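K.L.:
Make a model of this:
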Amino acid sequence: MAANNPELARLANSVLQPGFVGTTAPDWLRRRIGEGLASVVLFGRNIVDPEQVAALTAALRAENPDLIIAIDEEAGDVTRIEAGTGATRPGNLALGAVDDVELTEQVAYDIGRQLHAMGVSLNYAPSADVNSNPKNPVIGVRAFGARTDLVCRHTAAWIRGLQSAGVAACAKHFPGHGDTSVDSHHGLPHVAADAREIARTALPPFTAAMEAGVRTVMTAHMLIPAYDDSLPATLSPRIIRDLLRDELGFTGLVVTDGIEMGAVSDLYGIGGATVRALAGGVDAVCVGGENAAESVATDLTDAIVAAVHDGSLPEERLVEAAARVHEFAAWSAALTRSVPAGDPRGGDGADHQIGLVAARRAVRVHHDPAGPARFPLVGDPHVVEFSPVTSLAIDGRTPWGVADPLRALRPGTTSVRIGESELTGAAGAADVLDGQALRPADGRELVVVVRDAARHPWMWQALADLVRRRPDALVVEMGLPAEDRLGAVHLSTHGATRVSGIAAAEVLTGAV
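P.N.:
Numbers count the residues shown, from 1 in each chain. Prediction:
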C-alpha cells in the first residue's frame, strides 16, 4: 500500500525510529533514509567498539546529515556501548545515593562526550521515574531514588551534563514508571494512585527536566485509571495531549518506549499500537529492540498509511508528528555541531575516571566492629553470587559481580554463580548451598553477592540460610538495598556495574 502512496509513505517513514541488525548500515536502511526515514536506533547488537560505531553513524549520516541517531545509554545496569564489558559509570541509583548534583552532571557529561564522538545525537535517558515501589521489577536501580525532590534535582543535572556535551537527552517514562509491580516488557502495569498523588510524586521530575531544557519525552506503557481507564499512557490522548502538552506545557518531541513491548503489542499488535500511539499524540515510534527486520519497518509504514486512508489516523495528526520530528532533528543536529568533535576512543576532554570515583562514593558499609566478621578481608575468600533473571532493559550478556574484581586483588579468590533454577532443581537448595557455597568456604572468608535480593524470594531465602550458617559472612547487595541488611558486614553498591564491583572489592580488601 505504501508504494502507491509515496507522500504518505514518506510521512510514515519520518515518524518511525527503527533498530536494525548488524554493525554496518544495511542497504534497506540506507534506502529508507532516502525515502524519508528521519531516525534510527542503535542497540548493543550494533556495537563492537567506539571506532566502529563512529564509522557506522558517519555512513548513516551520509544519507542525511540531520538524521537522528538514538541509543538507550543510561549507563549503570542499562548500557549499550559497554554491554560486552560492563559499564565504567554507575547508574542513577548510585548517583542518587551520593546526592552530589555536580557529580551527576560530570558523569552525564562524560557519557555525552563519548556518545557525541561516536556520532549519536539522541540518548533515551535519563530515567525520571521515582522508584516509590521497592518491588518494581523494571525500574529499581535505574531511578535516582524513591524521593521526588532527589529525582528532580538529579534528573535536571543529568540532562544539563549530557546536553552540554552535544547530545540530546530524553526524560522517561512519562508520567512515571516508579510505582509499578509489572515489567511492561511482558505485561501491562496498572497504577492505582489518584491524580493528586501522581501530580505530587511522579510528575515533578518531568517538569524539572523541561526546565533543564529537555526536548524529548518518552512515554510509559502503563494503564493509569486516574487519567484514562482504557488506554495505556503511550496510546492515550488524555495523558499525552491533555496532561503532557496542555497542562505541563511540553512542546517538544514525544517518543514511545519500544512499541513491540508486551504491554501494548499484546493488546493491539505492533501495527495497531503504532497507529493508536500516533493518533493519541505521540510523534515518533521506537521499534526494533526485539523486532529489527526490514519487514517490521515495512509493515509499520503500511499500517500508518492504511490508517490514514481508513480515518483511524487523521492525516493532519501525522503531518503534525512528522513536523515535530524534523524540528527536533534540526535542533539536535545544531546541538551536535555546537560541540567540537572528539576521539571516539576517549581522547575527547572528558574525565574517564569520574565513573570509578562516583562508584566508590556510592558504596555504603554497615559493619558492627564487635561482630563475628573479619573486615577487611584477611585471606582469599570464596565468593557466592546469586544471579537473577534481569529485565529485558538490561543486556543479559553484560558482566557484573564482585568475584572477578576481588580475584584481581586477591588471586586466590574462588567463586560460584548460582541461579534460581539450580536452587529449585532436583538437587534441592540445601545440597546446592552445601556443595557450592559452604564447603568451598570452609576455613575461609565467605562473601555473598546478591542483586535485588528482597525482590526475589528464592534469593532472599538462600541468603538468609547462608548467613544463618555463616554469621561471619560479608554480604554485597548490588541491586536495590533492602531494609533488612543481612550479614555481619553488609555493603550496598546501588548498582551492578563493572565499576561498582571494583569499588566493592576495594572496600572488602581494604584497598581504599
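K.L.:
how about the helices of the stretch 51-200 of the chain, start to end?
P.N.:
Remark: helices of the stretch 51-200 of the chain, listed N- to C-terminal, are 92-98, 101-118, 148-164, 195-201; assignment by DSSP state H, counting those that start in this stretch.
K.L.:
Go through those and name the closest to Gly479.
P.N.:
helix 92-98 (8.7 Å; C-beta to C-beta). Where C-beta positions appear, they are placed from N, C-alpha and C, glycine not excepted.
K.L.:
Please tell me how far Leu508 sits from Ile68.
P.N.:
As for Leu508, its distance to Ile68 is 44 Å (criterion: C-beta to C-beta, to the nearest Å).
K.L.:
His490 too?
P.N.:
Separation of His490 from Ile68 (C-beta to C-beta) stands at 44 Å.
K.L.:
What about the closest residue to His185 other than its chain neighbours, how many residues nearby?
P.N.:
In space, not counting the residues next to it along the chain, His185 is nearest to Leu392; the distance is 4.3 Å by C-beta to C-beta, 6 or more residues apart in numbering. Using other C-beta atoms under 10 Å, Leu392 has 17 neighbouring residues.
K.L.:
now do Ile159
P.N.:
29.
K.L.:
for the one 10 residues further on, same thing?
P.N.:
Neighbour count of Ala169, defined by other C-beta under 10 Å: 26.
K.L.:
For the stretch 351-500 of the chain, which segments are assigned as helices?
P.N.:
Assigned by DSSP H, counting those that start in this stretch, the stretch 351-500 of the chain shows helices spanning 354-362, 403-409, 420-423, 429-432, 457-469, 498-509.
K.L.:
I misspoke; the intended subject was the stretch 201-350 of the chain.
P.N.:
Along the stretch 201-350 of the chain, counting by DSSP H, counting those that start in this stretch, helices occupy 204-211, 237, 262-280, 294-310, 315-337.
K.L.:
Break this protein down into its domains, please.
P.N.:
Using automatic domain parsing, the domain parsing of the chain gives 2-337, 363-509.
K.L.:
So which of the ones you listed is nearest Gly355?
P.N.:
Shortest separation from Gly355 across the domains of the chain is recorded for domain 2-337, at 3.5 Å, computed as C-beta to C-beta.
K.L.:
Report the separation between Ala482 and Ser492.
P.N.:
Remark: distance between Ala482 and Ser492 (C-beta to C-beta) = 9 Å.
K.L.:
Can you pick out the residue with more neighbours from these two?
P.N.:
Legend: neighbour count by other C-beta under 10 Å for Ala482 and Ser492, higher for Ser492 (24 against 18).
K.L.:
show me what contacts that one?
P.N.:
For Ser492, the contacting residues are 97, 363-364, 366, 476-477, 481, 485, by C-beta atoms under 8 Å, 6 or more residues apart in numbering.
K.L.:
Go again with 10 Å.
P.N.:
The neighbours of Ser492, taking C-beta atoms under 10 Å, 6 or more residues apart in numbering as the test, are 93-94, 97, 362-366, 475-482, 485, 500, 504.
K.L.:
count of residues packed around Ala62?
P.N.:
Counted by other C-beta under 10 Å, the residues lying close to Ala62 total 12.
K.L.:
Contacts only, for it.
P.N.:
For Ala62, counting by C-beta under 10 Å, 6+ apart, the contacting residues are 25, 30, 33.
K.L.:
quick one: the last one and Leu16 touch, right?
P.N.:
No - between Ile33 and Leu16 there is no contact, the gap being 11.2 Å when judged by C-beta atoms under 10 Å.
K.L.:
Need the overlap of contacts for the two.
P.N.:
Taking C-beta under 10 Å, 6+ apart as the contact criterion, the residues that touch both Ile33 and Leu16 are 39-40.
K.L.:
the more surrounded of those two?
P.N.:
A count of neighbours by other C-beta under 10 Å puts Leu16 above the other of Ile33 and Leu16, at 26 against 20.
K.L.:
Please report the distance of that one from Gly249.
P.N.:
Taking C-beta to C-beta as the measure, Leu16 and Gly249 are separated by 27 Å.
K.L.:
Can you pull the poorly scored residue ranges out of the chain?
P.N.:
Residues of the chain that meet the criterion pLDDT under 70 lie in 1-3, 183-184, 343-352, 370, 373, 426-427.
K.L.:
Let me have the domains of the chain in TSV, extended by distance to Gln353.
P.N.:
As requested, the domains of the chain are exported to TSV (distance: least, C-beta to C-beta, whole Å):
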stretch	distance to Gln353
domain 2-337	9
domain 363-509	10
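K.L.:
quick one: contacts for Leu318?
P.N.:
Each residue near Leu318 by C-beta under 10 Å, 6+ apart is listed here: 8, 11-12, 14-15, 275, 278-279, 283, 304-305, 307-308.
K.L.:
give me that answer again for 7 Å
P.N.:
Taking C-beta atoms under 7 Å, 6 or more residues apart in numbering as the contact definition, Leu318 lies against 11, 15, 278, 304, 308.
K.L.:
before we move on, what about Gln17?
P.N.:
When the contact criterion is C-beta under 7 Å, 6+ apart, the partners of Gln17 are 39-41, 70, 255, 284-287.
K.L.:
which of those residues tops the neighbour count?
P.N.:
Scoring the contacts of Gln17 on neighbours with other C-beta under 10 Å, the highest-scoring entry is Val255 at 30 neighbours.
K.L.:
circling back: how about the helices of the stretch 351-500 of the chain in CSV, adding mean neighbour count and distance to Glu102?
P.N.:
Rendered in CSV, the data for the helices of the stretch 351-500 of the chain read as follows (neighbours: other C-beta atoms under 10 Å; distance: least, C-beta to C-beta, whole Å):
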stretch, mean neighbour count, distance to Glu102
helix 354-362, 23, 11
helix 403-409, 20, 27
helix 420-423, 16, 40
helix 429-432, 14, 46
helix 457-469, 17, 35
helix 498-509, 26, 18
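K.L.:
how close does the residue lying farthest from the centre of the chain get to Ala212?
P.N.:
In the chain, counting by C-alpha atoms, centre = their mean, Gly443 sits farthest out from the average C-alpha position, at 40.7 Å. The gap separating Gly443 from Ala212 is 55 Å, by C-beta to C-beta.
K.L.:
Can you check which of the domains of the chain gets nearest to Leu356?
P.N.:
Judged by C-beta to C-beta, the one of the domains of the chain that comes nearest to Leu356 is domain 363-509, at 4.9 Å.
K.L.:
Endpoints of the closest one, how far apart?
P.N.:
The straight-line separation of the ends of domain 363-509 (C-alpha to C-alpha, to the nearest Å) is 14 Å.
K.L.:
Same question for stretch 190-200.
P.N.:
One end of stretch 190-200 sits 18 Å from the other (C-alpha to C-alpha).
K.L.:
what comes into contact with it?
P.N.:
Applying C-beta under 7 Å, 6+ apart, the external contacts of stretch 190-200 come out as 175-176, 179-180, 222-224, 226-227.
K.L.:
what's the distance between that stretch and the middle of its chain?
P.N.:
Distance, stretch centre to chain centre, for stretch 190-200: 23 Å (C-alpha atoms, centre = their mean, to the nearest Å).
K.L.:
buried ones in that stretch?
P.N.:
Buried positions in stretch 190-200, judged by neighbour count with 16 or more other C-beta atoms under 10 Å: 191, 193, 198-199.
K.L.:
Then stretch 239-251?
P.N.:
Within stretch 239-251, the residues that qualify as buried are 239-240, 243-245, 248, 250, counting by 16+ other C-beta under 10 Å.
K.L.:
Name the nearest of those relative to Leu162.
P.N.:
Taking C-beta to C-beta as the measure, Phe250 is the one of these closest to Leu162, at 18.1 Å.
K.L.:
For that closest one, give me the backbone phi and psi.
P.N.:
Backbone torsions of Phe250, given as degrees, to the nearest 10, read phi -80, psi 130.
K.L.:
for Val339, same thing?
P.N.:
Listed backbone geometry of Val339 is phi -110, psi 130, with angles given as degrees, to the nearest 10.
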